[in-house]
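1. Need the 3D shape of this:
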Amino acid sequence: MTSGLRKGLTSYGDAGFSLFLRKAFIKAMGYSDDALERPIVGITNTYSDYNPCHGNVPQIIEAAKRGVMLSGAMPFVFPTISIAESFAHPTSMYLRNLMAMDTEEMIRAQPMDSVIVIGGCDKTLPAQVMAAISADLPTVVIPVGPMVVGHHKGEVLGACTDCRRLWAKYRAGDMDDAEIEAVNGRLAPSVGTCMVMGTASTMACMIEAMGLSLPMSATIPAPHAERFRLAEASGKVAAEMAKSKGPKPSEVLTPASFRNAQVVLQAIGGSTN
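-> Below you'll find the predicted structure:
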């Protein structure tokens with residue numbers, strides 16, 4: 001079974017030449033032969049200036065890369081579509097399947113022995129898991145984590161549950177322009193997904209229960225140091241999976257794992273959307 005840089009060689013009719021050419025070009029990035037002989041862990045980059053949910057992705061990537069290299073594998077970061085709920089017209093749901101296809105095809109097209117997918121906003125994690133299932137490459141999911149809570153007049157704010165409630169108060173005339181502007185700056189006080197039990201947190205909890213991400217990965221706040229320690233640990237796991245070629249999603253996602261996700265969904269109540 002081929003692995004690392006030898007996996008999925010571009011079709012030029014001569015496998016030896018295909019590997020020769022691949023190594024020649026990737027060496028332009030400054031890689032050594034030692035680095036290029038190691039198992040490869042692909043890491044998706046879903047960072048975007050349009051996506052505040054994924055604002056901590058660059059830090060997560062660096063921590064995951066550190067974990068991969070500490071375990072003797074080689075990380076390769078590659079971009080995919082990034083979907084942010086409130087920035088996609090007319091709705092993010094139109095783009096979920098496109099993101100799934102983009103992620104799946106990039107996993108299939110590029111040489112990697114395992115993959116780390118990083119995401120959070122409502123449609124992102126489902127899209128990435130759909131891709132992982134279809135590609136069936138050993139996969140570790142790293143959710144970006146929820147933002148920290150905001151406060152207004154002694155009240156804890158929840159984005160985006162309180163977005164609608166307080167906007168309704170403003171529309172009713174119970175809140176003036178100055179106060180709604182103050183609220184606007186306090187509803188989302190840090191990067192990360194909505195801190196309420198919305199779709200993003202629901203999906204992260206269910207994915208963790210299914211066994212695709214490390215324990216506690218769904219709930220650590222996005223800016224916390226523990227989020228990046230978890231990313232490093234995820235990188236170590238992904239490196240070991242790259243070496244052992246498993247387990248694959250088809251081995252992890254059993255009827256029992258789906259039942260675990262359903263039990264967790266019932267326990268937490270699921271999305272408030």
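2. so where does E208 fall, helix or strand?
-> Taking DSSP states H and E as the definition, one finds E208 inside helix 199-210.
3. Now for F25: which residues touch it?
-> Taking CB atoms under 8 Å, 6 or more residues apart in numbering as the definition of contact, F25 has no neighbours. All C-beta spots, glycine's among them, are computed from the backbone N, C-alpha and C.
4. Just want to check the distance between it and T10.
-> F25 sits at a distance of 10 Å from T10 (criterion: CB to CB, to the nearest Å).
5. before we move on, back to that, on contacts alone, who are the packing partners of the helix holding E208?
-> Packed against helix 199-210, as judged by 3 or more CB pairs under 8 Å, 6 or more residues apart in numbering; DSSP states H and E, are the following elements: helix 124-135, strand 139-143, helix 255-268.
6. Between these, which one is closest to E105.
-> Taking CB to CB as the criterion, E105 comes closest to helix 124-135 out of the helices and strands packed on helix 199-210, the separation being 8.4 Å.
7. pull the CA atoms of the closest one into CSV?
-> The C-alpha coordinates for helix 124-135 follow below in CSV (Å, rounded to 0.1, in the frame of the first residue of the first chain):
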residue,chain,number,x,y,z
THR,A,124,-19.3,23.5,8.2
LEU,A,125,-19.0,20.5,10.5
PRO,A,126,-21.8,18.6,8.7
ALA,A,127,-20.1,19.3,5.3
GLN,A,128,-16.7,18.2,6.6
VAL,A,129,-18.1,15.0,8.1
MET,A,130,-20.0,14.2,4.9
ALA,A,131,-16.7,14.7,3.0
ALA,A,132,-14.8,12.5,5.5
ILE,A,133,-17.3,9.7,5.2
SER,A,134,-17.2,9.7,1.4
ALA,A,135,-13.4,9.9,1.2
